[in-house]
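[1] no sequence for this one, just the structure:
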(Lines give C-alpha, C1' and ligand atoms only; values in the text may rest on other atoms or scores of the structure.)
Protein backbone atom coordinates (compact mmCIF):
# COMPACT_ATOMS: atom_id res chain seq x y z
CA UNK A 1 0.00 0.00 0.00
CA UNK A 2 1.24 3.48 -0.84
CA UNK A 3 2.38 5.66 2.03
CA UNK A 4 0.98 9.17 1.74
CA UNK A 5 2.83 11.94 3.51
CA UNK A 6 1.91 15.58 4.01
CA UNK A 7 -1.64 14.62 4.77
CA UNK A 8 -3.45 17.88 5.37
CA UNK A 9 -6.98 16.60 5.48
CA UNK A 10 -8.19 13.12 6.36
CA UNK A 11 -11.94 13.46 6.28
CA UNK A 12 -14.25 14.73 3.55
CA UNK A 13 -17.85 15.81 3.38
CA UNK A 14 -20.27 13.52 1.57
CA UNK A 15 -23.96 13.18 0.97
CA UNK A 16 -25.90 9.96 0.45
CA UNK A 17 -28.63 9.92 -2.13
CA UNK A 18 -32.01 8.35 -1.36
CA UNK A 19 -31.03 5.40 -3.58
CA UNK A 20 -28.27 4.30 -1.21
CA UNK A 21 -28.24 3.10 2.36
CA UNK A 22 -24.45 3.08 2.69
CA UNK A 23 -23.05 3.65 6.17
CA UNK A 24 -19.72 4.96 4.83
CA UNK A 25 -18.77 7.19 1.89
CA UNK A 26 -17.91 5.43 -1.39
CA UNK A 27 -14.75 7.57 -1.60
CA UNK A 28 -12.54 8.17 1.44
CA UNK A 29 -10.28 11.21 1.38
CA UNK A 30 -6.87 9.68 2.08
CA UNK A 31 -4.47 12.60 1.54
CA UNK A 32 -4.08 16.13 0.30
CA UNK A 33 -0.87 16.94 -1.60
CA UNK A 34 -0.18 20.69 -1.74
CA UNK A 35 0.78 22.39 -5.01
CA UNK A 36 2.82 25.34 -3.76
CA UNK A 37 2.81 28.60 -5.73
CA UNK A 38 0.29 27.40 -8.30
CA UNK A 39 -2.39 29.86 -9.36
CA UNK A 40 -5.21 29.70 -11.89
CA UNK A 41 -6.88 26.88 -13.74
CA UNK A 42 -5.61 23.31 -13.56
CA UNK A 43 -6.32 21.10 -16.56
CA UNK A 44 -5.55 17.47 -17.38
CA UNK A 45 -3.68 14.94 -15.23
CA UNK A 46 -1.66 11.88 -16.28
CA UNK A 47 0.29 9.08 -14.61
CA UNK A 48 3.82 7.71 -15.00
CA UNK A 49 2.84 4.38 -13.48
CA UNK A 50 6.27 2.69 -13.28
CA UNK A 51 7.62 5.59 -11.20
CA UNK A 52 4.31 6.28 -9.38
CA UNK A 53 4.40 9.89 -10.53
CA UNK A 54 1.38 12.13 -11.15
CA UNK A 55 1.68 14.85 -13.80
CA UNK A 56 -0.43 17.99 -13.36
CA UNK A 57 -1.05 20.44 -16.23
CA UNK A 58 -1.31 23.83 -14.50
CA UNK A 59 -2.68 25.88 -17.39
CA UNK A 60 -3.09 29.15 -15.48
CA UNK A 61 0.39 28.86 -13.98
CA UNK A 62 2.17 27.89 -17.24
CA UNK A 63 3.74 24.92 -15.46
CA UNK A 64 3.50 21.13 -15.20
CA UNK A 65 4.17 19.61 -11.80
CA UNK A 66 5.56 16.09 -11.39
CA UNK A 67 4.40 14.59 -8.07
CA UNK A 68 6.00 11.60 -6.36
CA UNK A 69 2.97 9.75 -5.01
CA UNK A 70 4.96 7.65 -2.59
CA UNK A 71 6.37 10.76 -0.89
CA UNK A 72 3.33 12.93 -1.55
CA UNK A 73 5.63 15.72 -2.74
CA UNK A 74 6.84 17.64 -5.78
CA UNK A 75 9.69 16.00 -7.70
CA UNK A 76 10.06 18.54 -10.50
CA UNK A 77 8.32 21.56 -11.99
CA UNK A 78 8.44 22.18 -15.74
CA UNK A 79 8.04 25.93 -16.26
CA UNK A 80 8.01 28.43 -19.12
CA UNK A 81 5.12 26.70 -20.87
CA UNK A 82 2.29 28.30 -22.86
CA UNK A 83 -1.01 27.36 -21.21
CA UNK A 84 -0.41 23.61 -20.85
CA UNK A 85 -3.75 21.83 -21.25
CA UNK A 86 -2.93 18.22 -21.98
CA UNK A 87 -0.28 15.94 -20.54
CA UNK A 88 0.50 12.28 -21.20
CA UNK A 89 3.17 9.68 -20.56
CA UNK A 90 4.50 7.23 -23.15
CA UNK A 91 6.01 4.24 -21.34
CA UNK A 92 7.53 2.85 -24.54
CA UNK A 93 9.43 6.06 -25.22
CA UNK A 94 9.76 7.00 -21.52
CA UNK A 95 8.60 10.45 -22.53
CA UNK A 96 6.22 13.05 -21.12
CA UNK A 97 4.11 14.90 -23.70
CA UNK A 98 2.80 18.39 -22.87
CA UNK A 99 0.15 19.97 -25.12
CA UNK A 100 0.13 23.78 -24.98
CA UNK A 101 -3.02 25.73 -25.81
CA UNK A 102 -1.18 29.05 -26.02
CA UNK A 103 1.05 28.25 -28.99
CA UNK A 104 -0.30 24.92 -30.22
CA UNK A 105 2.90 23.03 -29.52
CA UNK A 106 3.49 19.60 -27.99
CA UNK A 107 6.64 19.47 -25.93
CA UNK A 108 8.45 16.15 -25.46
CA UNK A 109 10.27 15.72 -22.15
CA UNK A 110 12.62 12.87 -21.20
CA UNK A 111 10.95 11.30 -18.15
CA UNK A 112 14.29 10.17 -16.69
CA UNK A 113 15.80 13.63 -16.13
CA UNK A 114 13.11 16.03 -17.46
CA UNK A 115 15.37 17.32 -20.23
CA UNK A 116 13.74 18.58 -23.47
CA UNK A 117 13.49 15.81 -26.07
CA UNK A 118 11.67 17.51 -28.92
CA UNK A 119 8.82 19.79 -29.95
CA UNK A 120 5.93 19.28 -32.39
CA UNK A 121 4.08 22.32 -33.80
CA UNK A 122 0.36 21.72 -34.28
CA UNK A 123 -0.76 25.29 -34.96
CA UNK A 124 -3.06 26.25 -32.09
CA UNK A 125 -5.03 25.03 -29.06
CA UNK A 126 -3.23 21.72 -28.46
CA UNK A 127 -5.37 19.93 -25.88
CA UNK A 128 -6.02 16.38 -24.70
CA UNK A 129 -3.35 13.64 -24.98
CA UNK A 130 -3.96 9.88 -25.14
CA UNK A 131 -1.60 6.99 -25.87
CA UNK A 132 -2.57 4.21 -28.29
CA UNK A 133 -1.34 1.20 -26.30
CA UNK A 134 -1.19 -0.97 -29.44
CA UNK A 135 1.70 0.94 -30.99
CA UNK A 136 2.77 3.67 -28.56
CA UNK A 137 1.58 6.55 -30.74
CA UNK A 138 0.15 9.60 -28.99
CA UNK A 139 -3.16 11.08 -30.14
CA UNK A 140 -3.48 14.81 -29.49
CA UNK A 141 -6.59 16.88 -30.13
CA UNK A 142 -6.01 20.43 -31.33
CA UNK A 143 -7.18 23.46 -33.27
CA UNK A 144 -10.53 24.03 -34.94
CA UNK A 145 -10.82 20.33 -35.75
CA UNK A 146 -7.88 17.99 -35.72
CA UNK A 147 -6.25 14.98 -34.11
CA UNK A 148 -2.52 14.56 -34.54
CA UNK A 149 -0.74 11.21 -34.31
CA UNK A 150 2.71 11.65 -32.77
CA UNK A 151 5.50 9.11 -32.45
CA UNK A 152 7.12 10.04 -29.10
CA UNK A 153 10.15 7.80 -29.73
CA UNK A 154 10.91 9.33 -33.14
CA UNK A 155 9.87 12.83 -31.98
CA UNK A 156 7.73 13.32 -35.09
CA UNK A 157 4.12 13.82 -36.16
CA UNK A 158 3.12 10.91 -38.38
CA UNK A 159 -0.45 11.82 -39.36
CA UNK A 160 -3.33 14.28 -39.07
CA UNK A 161 -7.01 13.38 -38.91
CA UNK A 162 -9.52 16.11 -39.70
CA UNK A 163 -12.56 16.63 -37.48
CA UNK A 164 -15.59 18.94 -37.86
CA UNK A 165 -14.67 21.09 -34.83
CA UNK A 166 -12.35 21.19 -31.81
CA UNK A 167 -12.19 17.81 -30.03
CA UNK A 168 -12.71 17.65 -26.28
CA UNK A 169 -12.67 14.41 -24.26
CA UNK A 170 -11.88 11.27 -26.28
CA UNK A 171 -11.04 7.64 -25.61
CA UNK A 172 -9.25 4.89 -27.55
CA UNK A 173 -10.61 1.35 -27.80
CA UNK A 174 -7.39 -0.69 -27.40
CA UNK A 175 -8.85 -3.71 -29.17
CA UNK A 176 -10.05 -2.01 -32.34
CA UNK A 177 -8.01 1.19 -32.58
CA UNK A 178 -11.17 3.24 -32.82
CA UNK A 179 -11.34 6.61 -31.09
CA UNK A 180 -14.58 8.07 -29.74
CA UNK A 181 -14.41 11.87 -29.70
CA UNK A 182 -16.68 14.41 -28.00
CA UNK A 183 -17.10 17.39 -30.36
CA UNK A 184 -19.43 19.81 -28.56
CA UNK A 185 -19.30 22.61 -31.14
CA UNK A 186 -20.51 20.18 -33.83
CA UNK A 187 -23.12 18.63 -31.47
CA UNK A 188 -21.81 15.14 -32.08
CA UNK A 189 -19.56 12.27 -31.10
CA UNK A 190 -17.16 11.31 -33.89
CA UNK A 191 -15.83 7.78 -34.38
CA UNK A 192 -12.30 7.70 -35.80
CA UNK A 193 -10.46 4.69 -37.22
CA UNK A 194 -6.83 5.26 -36.24
CA UNK A 195 -5.52 2.69 -38.72
CA UNK A 196 -7.48 4.13 -41.64
CA UNK A 197 -6.84 7.62 -40.20
CA UNK A 198 -10.29 8.97 -40.92
CA UNK A 199 -13.71 9.57 -39.38
CA UNK A 200 -15.96 6.56 -39.96
CA UNK A 201 -19.13 7.65 -38.12
CA UNK A 202 -20.81 10.68 -36.55
CA UNK A 203 -23.40 10.36 -33.78
CA UNK A 204 -25.57 13.47 -33.29
CA UNK A 205 -26.12 14.43 -29.64
CA UNK A 206 -29.62 15.76 -30.35
CA UNK A 207 -31.28 17.06 -27.15
CA UNK A 208 -28.12 17.38 -25.02
CA UNK A 209 -25.23 19.82 -25.47
CA UNK A 210 -21.69 20.52 -24.33
CA UNK A 211 -20.29 16.98 -24.21
CA UNK A 212 -16.85 17.31 -22.65
CA UNK A 213 -15.64 14.30 -20.58
CA UNK A 214 -15.72 10.73 -21.86
CA UNK A 215 -14.80 7.27 -20.53
CA UNK A 216 -14.62 3.85 -22.17
CA UNK A 217 -15.12 0.54 -20.37
CA UNK A 218 -13.61 -2.40 -22.23
CA UNK A 219 -15.07 -5.02 -19.87
CA UNK A 220 -18.65 -3.97 -20.58
CA UNK A 221 -18.07 -2.43 -24.02
CA UNK A 222 -19.63 0.82 -22.90
CA UNK A 223 -19.04 4.54 -23.47
CA UNK A 224 -19.86 7.20 -20.88
CA UNK A 225 -20.23 10.71 -22.32
CA UNK A 226 -21.10 13.56 -19.94
CA UNK A 227 -22.92 16.71 -21.00
CA UNK A 228 -23.16 20.11 -19.31
CA UNK A 229 -26.41 21.31 -20.87
CA UNK A 230 -28.31 19.79 -19.23
CA UNK A 231 -26.06 18.04 -16.70
CA UNK A 232 -26.45 14.50 -17.96
CA UNK A 233 -24.44 11.28 -18.29
CA UNK A 234 -25.24 9.08 -21.29
CA UNK A 235 -24.17 5.44 -21.58
CA UNK A 236 -23.73 4.45 -25.22
CA UNK A 237 -23.13 1.31 -27.27
CA UNK A 238 -19.69 1.77 -28.93
CA UNK A 239 -20.74 -0.28 -31.96
CA UNK A 240 -23.81 1.74 -32.86
CA UNK A 241 -23.95 4.85 -30.66
CA UNK A 242 -27.29 3.67 -29.34
CA UNK A 243 -28.21 5.16 -25.97
CA UNK A 244 -28.49 2.53 -23.24
CA UNK A 245 -29.03 4.79 -20.23
CA UNK A 246 -29.10 8.44 -19.18
CA UNK A 247 -28.71 9.81 -15.68
CA UNK A 248 -28.66 13.31 -14.22
CA UNK A 249 -25.30 14.27 -12.78
CA UNK A 250 -23.42 17.20 -11.25
CA UNK A 251 -22.84 20.51 -13.02
CA UNK A 252 -19.79 21.62 -15.03
CA UNK A 253 -18.44 18.06 -15.47
CA UNK A 254 -14.88 17.80 -16.73
CA UNK A 255 -13.78 14.20 -16.14
CA UNK A 256 -15.46 10.79 -15.94
CA UNK A 257 -14.06 7.31 -15.21
CA UNK A 258 -15.20 3.71 -14.97
CA UNK A 259 -14.06 1.80 -11.88
CA UNK A 260 -14.51 -1.82 -12.93
CA UNK A 261 -13.25 -3.25 -9.64
CA UNK A 262 -16.01 -1.54 -7.67
CA UNK A 263 -18.59 -1.42 -10.51
CA UNK A 264 -18.80 2.38 -10.38
CA UNK A 265 -18.53 5.53 -12.42
CA UNK A 266 -16.97 8.73 -11.03
CA UNK A 267 -17.82 12.17 -12.46
CA UNK A 268 -15.85 15.19 -11.19
CA UNK A 269 -17.57 18.54 -11.53
CA UNK A 270 -16.73 22.21 -11.16
CA UNK A 271 -19.88 22.62 -9.09
CA UNK A 272 -17.83 21.15 -6.23
CA UNK A 273 -18.94 17.54 -6.35
CA UNK A 274 -17.93 14.05 -7.37
CA UNK A 275 -20.94 12.06 -8.51
CA UNK A 276 -20.62 8.34 -7.76
CA UNK A 277 -22.77 5.97 -9.81
CA UNK A 278 -23.03 2.26 -9.15
CA UNK A 279 -23.85 -0.76 -11.25
CA UNK A 280 -26.76 -2.63 -9.71
CA UNK A 281 -27.55 -5.84 -11.51
CA UNK A 282 -28.07 -4.82 -15.11
CA UNK A 283 -28.69 -1.14 -14.40
CA UNK A 284 -26.88 1.98 -13.17
CA UNK A 285 -28.00 4.38 -10.44
CA UNK A 286 -26.58 7.33 -8.53
CA UNK A 287 -25.12 6.15 -5.22
CA UNK A 288 -23.73 9.29 -3.62
CA UNK A 289 -22.36 12.79 -4.01
CA UNK A 290 -18.95 13.55 -2.51
CA UNK A 291 -18.36 17.22 -1.72
CA UNK A 292 -15.21 18.88 -3.06
CA UNK A 293 -14.28 22.54 -3.63
CA UNK A 294 -15.90 24.74 -6.26
CA UNK A 295 -13.91 24.54 -9.48
CA UNK A 296 -12.27 21.20 -8.58
CA UNK A 297 -13.42 19.53 -11.77
CA UNK A 298 -10.21 17.95 -13.11
CA UNK A 299 -9.47 14.40 -11.96
CA UNK A 300 -7.77 11.12 -12.83
CA UNK A 301 -8.74 7.63 -11.73
CA UNK A 302 -5.84 5.14 -11.79
CA UNK A 303 -7.18 1.56 -11.53
CA UNK A 304 -3.73 0.10 -10.90
CA UNK A 305 -3.42 2.23 -7.76
CA UNK A 306 -7.13 2.10 -6.91
CA UNK A 307 -7.10 5.86 -6.34
CA UNK A 308 -8.98 8.90 -7.67
CA UNK A 309 -6.91 12.10 -7.84
CA UNK A 310 -8.80 15.41 -7.90
CA UNK A 311 -7.13 18.76 -8.66
CA UNK A 312 -8.19 21.70 -6.52
CA UNK A 313 -7.19 25.17 -7.67
CA UNK A 314 -5.94 27.93 -5.35
CA UNK A 315 -8.73 29.87 -3.65
CA UNK A 316 -9.44 33.58 -3.71
CA UNK A 317 -8.91 33.77 0.07
CA UNK A 318 -5.39 32.38 -0.07
CA UNK A 319 -5.87 28.60 0.09
CA UNK A 320 -3.26 26.63 -1.84
CA UNK A 321 -3.86 24.53 -4.90
CA UNK A 322 -3.73 20.82 -4.11
CA UNK A 323 -4.29 17.28 -5.28
CA UNK A 324 -6.84 15.39 -3.21
CA UNK A 325 -6.35 11.63 -3.10
CA UNK A 326 -9.49 9.49 -2.70
CA UNK A 327 -9.55 5.78 -1.98
CA UNK A 328 -12.66 3.88 -3.13
CA UNK A 329 -14.39 2.13 -0.25
CA UNK A 330 -15.57 -1.47 -0.80
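    All right, it came through fine. Treat the numbers as computed from the prediction; the structure is a model and nothing was measured.
[2] Could you use CA atoms for every contact and neighbour count after this?
    Fine.
[3] ok, now how distant is residue 83 from residue 103?
    Distance, residue 83 to residue 103, by C-alpha to C-alpha, to the nearest Å: 8 Å.
[4] ok, now residue 124?
    6 Å.
[5] Which one's more surrounded, residue 83 and residue 103?
    Neighbour tally, residue 83 and residue 103, criterion other C-alpha atoms under 10 Å: the higher count belongs to residue 83, 27 against 17.
[6] ok, the closest residue to that one other than its chain neighbours - contacts?
    Excluding the flanking residues, the one nearest residue 83 by C-alpha to C-alpha, 6 or more residues apart in numbering is residue 59, at 4.4 Å. Going by C-alpha atoms under 8 Å, 6 or more residues apart in numbering, residue 59 touches 40-43, 82-85.
[7] Select from the residues you listed the one having the most neighbours.
    For these, neighbours were counted using other C-alpha under 10 Å, and residue 84 has the most, 34 neighbours in all.
[8] That one reaches residue 58, doesn't it?
    Yes: using C-alpha atoms under 8 Å, residue 84 makes contact with residue 58 at a distance of 6.4 Å.
[9] list residues touching both of these two?
    Common neighbours of residue 84 and residue 58 (C-alpha under 8 Å, 6+ apart) are 43, 64.
[10] picking up where we left off before, looking at the contacts of residue 59, spot the one nearest residue 229.
    Minimum distance to residue 229 across the contacts of residue 59 is 20.5 Å, recorded for residue 43 (C-alpha to C-alpha).
[11] List the residues that contact residue 245.
    Contact analysis of residue 245 by C-alpha under 8 Å, 6+ apart lists 234-236, 284.
[12] An error on my part: the question was meant for residue 67.
    53-56, 73-76.
[13] name the element it belongs to?
    strand 63-68 (DSSP states H and E).
[14] Return the distance of that strand from the chain's centre.
    In terms of C-alpha atoms, centre = their mean, to the nearest Å, the centre of strand 63-68 is set 16 Å apart from its chain centre.
[15] Neighbouring strands of that strand in the sheet, and parallel or not?
    If you go by DSSP bridges, strand 63-68 pairs up with strand 53-58 (antiparallel), strand 73-78 (antiparallel).
[16] Can you say which of those strands is nearest to residue 272?
    Closest of the strands paired with strand 63-68 to residue 272 is strand 53-58, at 18.7 Å (criterion: C-alpha to C-alpha).
[17] contacts for the closest one?
    Outside strand 53-58, the residues touching it (C-alpha under 8 Å, 6+ apart) are 38-48, 63-69, 83-88, 98.
[18] and the closest residue to residue 131 other than its chain neighbours, how many neighbours?
    Sequence neighbours aside, residue 138 is the residue nearest to residue 131 in space, at 4.4 Å (criterion: C-alpha to C-alpha, 6+ apart). Counted with other C-alpha under 10 Å, the neighbours of residue 138 add up to 23.
[19] swap in residue 223?
    Residue 223: 24 neighbours (other C-alpha under 10 Å).
[20] Could I get the average pLDDT for the helix or strand harbouring it?
    Here residue 223, judged by DSSP H and E, is contained in strand 222-229. For strand 222-229, mean pLDDT rounds to 98.
[21] what separates that strand from the chain centre, distance-wise?
    13 Å.
[22] Would you mind listing the outside residues contacting it?
    Applying C-alpha under 8 Å, 6+ apart, the contact partners of strand 222-229 are 182, 208-217, 232-238, 251-253, 256.
[23] Strand partners (parallel or antiparallel) of that strand?
    Strand 222-229 has these strand partners (DSSP bridges): strand 209-217 (antiparallel), strand 231-236 (antiparallel).
[24] Pick the most deeply packed of those strands.
    Of all the strands paired with strand 222-229, strand 209-217 carries the top mean neighbour count, a mean of 23, counting by mean count of other C-alpha atoms under 10 Å.
[25] who touches it?
    Taking C-alpha under 8 Å, 6+ apart as the rule, strand 209-217 contacts 168-173, 182-185, 187, 222-230, 253-258, 260.
[26] same check, this time on stretch 131-142
    With contacts defined as C-alpha under 8 Å, 6+ apart, stretch 131-142 is touched by 88-93, 99, 104, 122, 124-130, 147-152, 166-168, 172, 174, 177.
[27] tell me what the helix or strand hosting residue 310 is packed against?
    Secondary structure assignment for residue 310, by DSSP H and E: strand 307-312. Strand 307-312 sits against strand 298-302, strand 321-328, with contacts defined as 3 or more C-alpha pairs under 8 Å, 6 or more residues apart in numbering; DSSP states H and E.
[28] Cool, thanks, signing off.
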